[in-house]
Structures are given as C-alpha cells and as structure tokens.
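# Below is the sequence, then the predicted model.
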Amino acid sequence: MTERLSATDAYLAECGATVTGVTEAGVVLDRTVFYPRGGGQPGDTGLLRWDGGEATVADTVTVRGTGEVLHVLADGATAPPVGTVVRAEIDWERRHRLMRTHTALHALSGVIFTGHGAKVTGGNMDDDGAARMDFELDAMSQELAREVEATLNARLAEDRSVHVRFLPRDEALADPDLIRTKVSLLPPSVDPIRVIDIEGIDKQADGGTHVKATGEVGHVMVVKTESKGKAFKRMRIQLEE
Ligand SMILES: [Zn+2]
C-alpha cells in the first residue's frame, strides 16, 4: 500500500519513490507526497522525474478497493516503468493555497458552531483559494455573514496551532467534539483515526492537509451566502491572496 507522507507531514513538497504499478489510469508509487482527492480537497498536481524522463501529474486519486494512491498523468505523458526510481514533486504553491483554504474551512466551521450552534453538512474547495461550506442553519443574512467574517479573521489572527493526531478509535468515538462531526460514521476498519485539532477553534476527523498555525491562512473574505432550503445554508469564502 502506498505510504502517504502527506498524512504526517503536509510540508513535504517532494520525495524519492519507486514505481510499483502502472495502468492506463496512472502510476502507483511505494510512497508519495501527493495528496489524493478527498474530503473536499482536490488531488495534488505536479511532476514525476526520473533518469531519462519526466511526466506531469494532472490529478491524484485513491484507487477504490485497494486504497493505493494513483498519480493520474496528463494527456500524452509517458509513464515510467515499474521499478523505476523517481522524484515525486508536487506543485507546492497550489498545494499550500489548498492547505490555507482547508484550514480556513475548519476555522469557519468552528466559528459557526460556537457562535450559532450550527453543524456543517458539507464543504468543498477549489485550488484558487475559493471554497464553500454548508450548514444546518435556519437563517442567513448579510449581517450574519459580516459578523462571521469578522470573528473568523480574529480567530485566525490569533495564530492558533493546528495539531495532527492519530487517536485510537475508542478514544475518538468518546470525544464529544468528534461525536458532533459524526466520527462514528467512519468505517470500523479506520483505526487509529486521524484528527485535526485547531487549538480552541475546531476539532474533526479528517484526512486532508492543513497549515501548522492559523496565522498562515491570512485574511479570508465571506463573498456570498445562499439559502438552499430550510436549515440548509451555504457560505462561500475566498482567501484574500
Ligand atoms: Zn481538514
């Protein structure tokens, strides 16, 4: 199974690896810094380089069933054969923006829950610093959006630490903060459970990549609010740069 280096160190931009599988769909490595699409975060893009060749990675996904990480090559790229030693390099600028965006979404979720008691029902992010989050909230207004934006930026500016922890399943299921994020819905085989804890702001089970402290996110704008129905409100955010 592919060793996912991003799970323990989101700041690794490249690594050495060996090709363990090649299909029409892409390349599998024994280890990788590439994050496979999931939890609302897009898959990484970048480059595989080896002696005598290179190939652009257009997307990264998890292979259903096996859990391997598949590096999807750009159209026309030639895959390195099985056994080739490669350098795997992600597009770091793009990934770091996604880490900032992802961390902003956690903080937003914490601010809305703490201030308004509303749970998150979904979320998604783009690689240009835009993201959306859905809440079980009855009412949404411009005033609320401005208030949430101000609180969100104040909390981010406190530069809270973002911890990555691997909790035994029993311990995670007993944590009240994690219960509200429906940690019990994770398949029983998931043990330990990876938990992202932003000190005093938000805690949830999560496989994505995040920055190490909230100050790194920078300023975030709430650019749009939408009502998608009763107790279903959407907020769109954008990193300022
Ligand atoms: Zn996350």
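That came through fine. Numbering: from 1, shown residues only.

# Tell me if I am right that Asp9 is in a strand.
No - Asp9 is assigned coil when assessed by DSSP: H, G, I helix; E, B strand; the rest coil, not a strand.

# now it: how far from the ion?
Distance, Asp9 to the ion, by CB to the ion, to the nearest Å: 15 Å. Yep, even glycine has a C-beta here, placed from its N, CA and C like the rest.

# ok, the closest residue to Met133 other than its chain neighbours - how many residues close by?
Distances taken as CB to CB, 6 or more residues apart in numbering place Gly123 nearest to Met133, at 4.3 Å, with adjacent residues excluded. Under the neighbour criterion other CB atoms under 10 Å, Gly123 is assigned a count of 20.

# repeat for Asp51
Other residues close to Asp51 by other CB under 10 Å number 8.

# residue contacts, it?
Residues near Asp51 by CB atoms under 8 Å, 6 or more residues apart in numbering: Val85.

# same check, this time on Ser109
For Ser109, the contact set (CB under 8 Å, 6+ apart) comprises Val120, Gly123, Met133, Asp202, Gln204.

# Quick check: of the residues you listed, which lies closest to the ion?
Nearest to the ion out of the contacts of Ser109 is Gln204 (CB to the ion; 6.8 Å).

# For Ala88, which residues are in contact?
Taking CB under 8 Å, 6+ apart as the test, what Ala88 contacts is Glu14, Cys15, Gly16, Ala17, Leu29, Thr32, Val33, Phe34, Gly46, Leu47, Leu48, His71.

# from those residues, which would you call buried?
The neighbour-count test (16 or more other CB atoms under 10 Å) marks Glu14, Cys15, Ala17, Leu29, Thr32, Val33, Phe34, Gly46, Leu47, Leu48, His71 as buried among the contacts of Ala88.

# Now render the residues you listed as TSV, adding distance to the ion and pLDDT.
Below are these laid out as TSV (distance: CB to the ion, whole Å; pLDDT from 0 to 100):
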residue	distance to the ion	pLDDT
Glu14	22	98
Cys15	22	98
Ala17	25	98
Leu29	24	98
Thr32	19	98
Val33	17	98
Phe34	17	98
Gly46	20	98
Leu47	25	98
Leu48	26	98
His71	22	98
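
# Among those, pick out the one closest to Arg97, please.
Gly46 (13.9 Å; CB to CB).

# surely the closest one meets Arg87?
No - using CB atoms under 8 Å, Gly46 makes no contact with Arg87, being 10.0 Å away.

# picking up where we left off before, check the contacts of Ser109 for the minimum pLDDT and say which it is.
Minimum pLDDT across the contacts of Ser109 is recorded for Val120, with 89.

# tell me the contacts of the residue nearest to Met133?
Residues Gly40, Leu105, Ser109, Ala131, Arg132, Met133, Asp134 are the ones in contact with Gly123 under the rule CB under 8 Å, 6+ apart.
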